[in-house]
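Asks: Structure, please.
(chains A and B)
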There are 2 protein chains.
Amino acid sequence: MGKRQLKLGLVPTGVGGPGQHNRWLDPEIPGDASVDIDWYIDVARQAEAALFDLVFIVDSQFITPHSPPHYLNRLEPLTLLSALAVSTSRIGLVGTLTTSYNAPFNLARRLASLDLISRGRAGWNVVTSGDAGTAGNYSRDKHYDYDTRYGRALESVSVVRGLWRSYEDDAFPRDRASGRFLDPAKLHRLDHRGEHFSVVGPLNIQRSPQGEPVIFQAGDSEQGRDLGAAIADGIFTHAPSIEQGRAFYADVKGRAERLGRDPDRIVVMPGVSITVGDSDADAIEIEQAERRSDHSFEQALTEFGRSFGWHDFTQYDPDAPFPAHTLEFAKSSFFTNARKLTDLATSQNLTLRQTVETTRKHHPGPFVGSAETVASRIVEWFESRALDGLNIHMNHPAQFRRFTGEVVPLLQERGVFRSGYTHETLRGHLGLPVPSNRRVECAA
Amino acid sequence: MGKRQLKLGLVPTGVGGPGQHNRWLDPEIPGDASVDIDWYIDVARQAEAALFDLVFIVDSQFITPHSPPHYLNRLEPLTLLSALAVSTSRIGLVGTLTTSYNAPFNLARRLASLDLISRGRAGWNVVTSGDAGTAGNYSRDKHYDYDTRYGRALESVSVVRGLWRSYEDDAFPRDRASGRFLDPAKLHRLDHRGEHFSVVGPLNIQRSPQGEPVIFQAGDSEQGRDLGAAIADGIFTHAPSIEQGRAFYADVKGRAERLGRDPDRIVVMPGVSITVGDSDADAIEIEQAERRSDHSFEQALTEFGRSFGWHDFTQYDPDAPFPAHTLEFAKSSFFTNARKLTDLATSQNLTLRQTVETTRKHHPGPFVGSAETVASRIVEWFESRALDGLNIHMNHPAQFRRFTGEVVPLLQERGVFRSGYTHETLRGHLGLPVPSNRRVECAA
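Replies: Model prediction:
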């Protein structure tokens, strides 16, 4: 396998991610970047030129007029990735698709198609959708509860993987001399009957050069971690400090090991922001200025409601004690995060304004500094197993250029990052084996 | 609007369409053409170089080991079209998506994404899925019955169009000076509550240069014709003779007119095979040889079952009278076609073999002949309003080159086909107006 290598992903958020209402004011970012395919092609090619492992497309399906710009108007991930597939040649293409509102057969088919179109570079970030309002867009009065969401996710992935194994690798002889196109013994129905889905199969699509797409999972709750440990090739998470990163890393790999999996075959890649300056002080100043301009208190107050099922917090006196009863609105939404905020507010007797301000406060990130500092910090986290790789949120284009131009060469010098692609597929980049789908028939 | 112009679409079926089990034996067709994106890009570019209006991608989601090659292994249409969108610049991109097994919100989103990625060249061929076995891939024991299928289709299209109008055209001022990204008054929820779907909205995606995707519809039953007349911008049909073509054309345009629609804003484009030879006799010979090699009696017998819910006809004595009770298996499948075959068999006292042979018999198509003959025939059908355009099934690559190289120039000479693109969008090519989505608020 060779020496352990750092993985790098790019999360292109265009006009800004969560909490970033005003990034689009940067004149270098097209105002319609989140729906401009040329912009996406350009940044994917930049990431590929810097030898990144993958592009990671996040998603959501529910908006209000108060949503940040990127949410208001965005391309559907797989439609987007398919256009990137023929505009790049090596970089992995990971798309977020929810198991709450997609039939497993459709998921299997679209991802397998992307995998063939990209010649083995597709990945699926499995999510269950945290925005409770999403339910209303899919003929449901209420979002699924936590347990159902995770039950559906687990079963979906199992069905999808089963469908991806409909054809054995050598199912198509396509022999013109004998006129034999298919070997029907190598085509298998699934005949799945489960709690949430029944799927007969087979899937009408052959295997790709990487066998089947790579599975990512994001979600920090107990159920989310169990799901990741059970099904994921890659984990997308958040790591605010090296200690928290190491704890999460050990926890999720331990869970996987207890399920009988090889922990080295799961790559943990937290999503991070990186700010590179001429000096550490310069970088901190850049980051602070950016954060200050990200949103007004009013914008933050509205978006604060997201974890609470988009509950409207403008109805409360911001200077009265935090309305802790609102936690109930979070039940089928981002509950883990909402509970964290509510616990903080009640344990410290905070007002609503003070609670919202904690989400706006400047916590200098770990990856803010000169190129040297950022590279050293990344190597430190990597070597102490707080991460296997990073999913880098693309902030300002100038910052991404500094990362690829100044930090990546240092990571290469220190021997933790490739100096050329050595594989053709995403599975190859990540050091993951091709899953087998051979069937062994036993004589009766 | 200028003179009425012929429309041309390409249906690239790769290794063969329905009934064509052996087309892949042509050494010019890659054995994996149906999943080879480079092959699709190549043929789409050929069609674009010949100034075609659109590429039309058909679909199915159910296979058995006896399915023809193209069905066994095919790319999902929208994933495929998104890759074509960034590999072409003018040609329209029409994908088949079923309303039976896709949520309207997902349909709206994916098609709107393709429409933005292609800068206004997307189209949706609305189908309800005829293969009864498809139900088993989507957690249903039985396929929806005819009325439910068409009810869902009608409601789906209405919801999807409503979602496409979530944002008014000028909803995004994106004014850096004032910091105003969205004009929230120009974002509208849908709040649809119908028989089959409830969808709150809004859709998280802006309008495209053609406003919204073009809607095609295929289906020849009474319900299919009513659906087409009600919702379609374009109709995909079959026209075995000029008389049948004219009758269908008049019928569907009449239905549309009775619904208060402008019949000139529906383009009727039957799917046809075209065979060009050095002379008429040469073309007939080419076509006959092709048909003879398309399938054996055994292959035809198995595929014959498709219209009857993939009923297994190999269980009957082929030389006994046609088993007419099998029509019941067609109820939630391709009933119109199955009934036609059953009626024929019973009225003429045919055996099973004789009935299957009628589907294999050589009926010389109307568009078989020298380039002159084919061009004249097309002009005749066009001028007598048996069609507004043609969706050409790509057979052998050499045949498609003859059509674009020999027939298209004749159509241009006769003034029925463009000699250069005059529009940027599919709606523009087809002479269809951009649908309005302005909302007029009245003072109370």
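Asks: Could you point out the longest helix of chain A?
Replies: Among the elements of type helix in chain A, defined by DSSP state H, the one spanning the most residues is helix A:146-164.
Asks: for that helix, packing partners?
Replies: Judged by 3 or more C-beta pairs under 8 Å, 6 or more residues apart in numbering or on different chains; DSSP states H and E, helix A:146-164 is in contact with helix A:104-117, strand A:122-127, strand A:192-193, strand A:198-199, helix A:222-231. Using the backbone N, CA and C atoms, a C-beta is placed for each residue, glycine as well.
Asks: do you know which of those lies nearest B:Tyr138?
Replies: Each of the helices and strands packed on helix A:146-164 was scored for nearness to B:Tyr138 using C-beta to C-beta, and the closest is helix A:104-117 (5.9 Å).
Asks: Who are the packing partners of the closest one?
Replies: Contact analysis of helix A:104-117 by 3+ C-beta pairs under 8 Å, 6+ apart lists helix A:77-85, strand A:92-98, strand A:122-127, helix A:146-164, helix B:77-85 as its packing neighbours.
Asks: mind redoing it with 10 Å?
Replies: Judged by 3 or more C-beta pairs under 10 Å, 6 or more residues apart in numbering or on different chains; DSSP states H and E, the packing partners of helix A:104-117 are helix A:77-85, strand A:92-98, strand A:122-127, helix A:146-164, strand A:198-199, strand A:214-218, helix B:37-49, helix B:77-85.
Asks: Taking helix A:104-117 as reference, get the angle to the third one.
Replies: With axes from the mean of the first three to the mean of the last three C-alpha atoms, to 10 degrees as the criterion, the two stretches strand A:122-127 and helix A:104-117 enclose an angle of 150 degrees.
Asks: again, but for the second one
Replies: Angle, strand A:92-98 to helix A:104-117, by the same axes, to 10 degrees: 170 degrees.
Asks: what are the pairing partners of strand A:92-98, and which direction each?
Replies: strand A:54-57 (parallel), strand A:122-127 (parallel) (DSSP bridges).
Asks: Tell me the helix or strand right after the first one.
Replies: Think strand A:54-57. Taking DSSP states H and E as the definition, the helix or strand that follows strand A:54-57 towards the C-terminus is helix A:69-72.
Asks: How far away from the center of its chain is that next one?
Replies: Centre-to-centre, helix A:69-72 and its host chain are 17 Å apart (C-alpha atoms, centre = their mean, to the nearest Å).
Asks: Which secondary structure elements does that helix sit against?
Replies: The helices and strands touching helix A:69-72, judged by 3+ C-beta pairs under 10 Å, 6+ apart, number zero.
Asks: Could you dump the helices and strands packed on helix A:146-164 into CSV with mean pLDDT and mean neighbour count added?
Replies: Shown next, in CSV, are the helices and strands packed on helix A:146-164 (pLDDT from 0 to 100; neighbours: other C-beta atoms under 10 Å in any protein chain shown):
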stretch, mean pLDDT, mean neighbour count
helix A:104-117, 98, 26
strand A:122-127, 97, 27
strand A:192-193, 97, 14
strand A:198-199, 97, 22
helix A:222-231, 92, 20
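Asks: nearest to A:Gly19, of these?
Replies: A:Gly19 sits nearest to strand A:122-127 of all the helices and strands packed on helix A:146-164, at 18.7 Å, using C-beta to C-beta.
Asks: Sketch out the low-pLDDT regions of the stretch 1-150 of chain A for me.
Replies: Scanning the stretch 1-150 of chain A for pLDDT under 70 picks out the ranges A:1-2.
Asks: rewinding a little: how far off strand A:122-127 does the longest helix of chain A point, in degrees?
Replies: 160 degrees.
Asks: related to what we said a few turns ago, what's the closest of the helices and strands packed on helix A:146-164 to A:Lys340?
Replies: That would be, of these and by C-beta to C-beta, helix A:222-231, which comes in at 13.6 Å.
Asks: Could you tell me how far A:Arg176 is located from A:Gly415?
Replies: Remark: distance between A:Arg176 and A:Gly415 (C-beta to C-beta, to the nearest Å) = 49 Å.
Asks: A:Ser208 too?
Replies: Shown here: A:Ser208 relative to A:Gly415, a distance of 31 Å by C-beta to C-beta.
Asks: Which of the two has more residues huddled nearby?
Replies: For A:Ser208 and A:Gly415, the more surrounded residue by other C-beta atoms under 10 Å in any protein chain shown is A:Ser208, and the numbers stand at 25 against 12.
Asks: from memory the more buried one sits against A:Ala112, does it?
Replies: Yes. Here A:Ser208 lies in contact with A:Ala112, judged by C-beta atoms under 10 Å, at a distance of 7.0 Å.
Asks: Pull the contacting residues for the spatially closest residue to A:Val86 that is not a sequence neighbour.
Replies: Counting by C-beta to C-beta, 6 or more residues apart in numbering or on different chains, B:Ala83 is the residue found nearest to A:Val86 once chain neighbours are left out, at 4.6 Å. If you count contacts by C-beta atoms under 10 Å, 6 or more residues apart in numbering or on different chains, B:Ala83 has them with A:79, A:81-87, A:113-114, A:117-118, B:37-38, B:40-41, B:44, B:75, B:117.
Asks: From the residues you listed, list just the buried residues.
Replies: When neighbours are counted using 16 or more other C-beta atoms under 10 Å in any protein chain shown, the contacts of B:Ala83 contain these buried positions: A:79, A:81-87, A:113-114, A:117-118, B:37, B:40-41, B:44, B:75, B:117.
Asks: and the longest helix of chain A, how far from the chain's centre?
Replies: Its chain's C-alpha centre and that of helix A:146-164 lie 17 Å apart, by C-alpha atoms, centre = their mean.
Asks: and A:Val268, that one's in a strand?
Replies: Yes. A:Val268 forms part of a strand when assessed by DSSP: H, G, I helix; E, B strand; the rest coil.
Asks: how much space between the nearest residue to A:Tyr144 once chain neighbours are set aside and chain B?
Replies: Residue nearest to A:Tyr144 in three dimensions, not counting chain neighbours: A:Ser100, with 5.8 Å by C-beta to C-beta, 6+ apart. As defined by C-beta to the nearest C-beta, to the nearest Å, A:Ser100 lies at a distance of 11 Å from chain B.
Asks: SS state for A:Ser100?
Replies: Secondary structure, three-state DSSP: A:Ser100 is coil.
Asks: can you tell me how far the spatially closest residue to A:Arg165 that is not a sequence neighbour sits from chain B?
Replies: Once its chain neighbours are removed from consideration, A:Arg165 has its nearest residue in A:Asn437; the separation is 3.9 Å (C-beta to C-beta, 6+ apart). The span separating A:Asn437 from chain B equals 15 Å under the rule C-beta to the nearest C-beta.
Asks: got the contact list for the closest residue to A:Glu406 other than its chain neighbours?
Replies: Take A:Glu406 and drop its neighbours on the chain: the residue closest to it by C-beta to C-beta, 6+ apart is A:Ala371, 3.7 Å away. For A:Ala371, the set of contacting residues under the criterion of C-beta under 10 Å, 6+ apart consists of A:276-278, A:283, A:402-403, A:405-411.
Asks: please redo it, this time with the cut-off set to 6 Å
Replies: Contacts for A:Ala371 were tallied using C-beta atoms under 6 Å, 6 or more residues apart in numbering or on different chains; they are A:Val276, A:Glu406, A:Val407.
Asks: if we take these, which one ends up nearest to A:Ile215?
Replies: Each of the contacts of A:Ala371 was scored against A:Ile215 by C-beta to C-beta, and A:Val407 proved nearest at 28.3 Å.
Asks: related to what we said a few turns ago, for the helices and strands packed on helix A:104-117, which one sits closest to A:Leu182?
Replies: helix A:146-164 (17.2 Å).
Asks: Extract the residue ranges of the stretch 251-400 of chain A that are flagged as low pLDDT.
Replies: Across the stretch 251-400 of chain A, residues meeting the criterion (pLDDT under 70) sit at A:362-363.
Asks: which residues sit in contact with A:Ser332?
Replies: Contacts of A:Ser332 (C-beta under 6 Å, 6+ apart): A:Ala132, A:His143, A:Asp145.
Asks: Brilliant, that's me finished.
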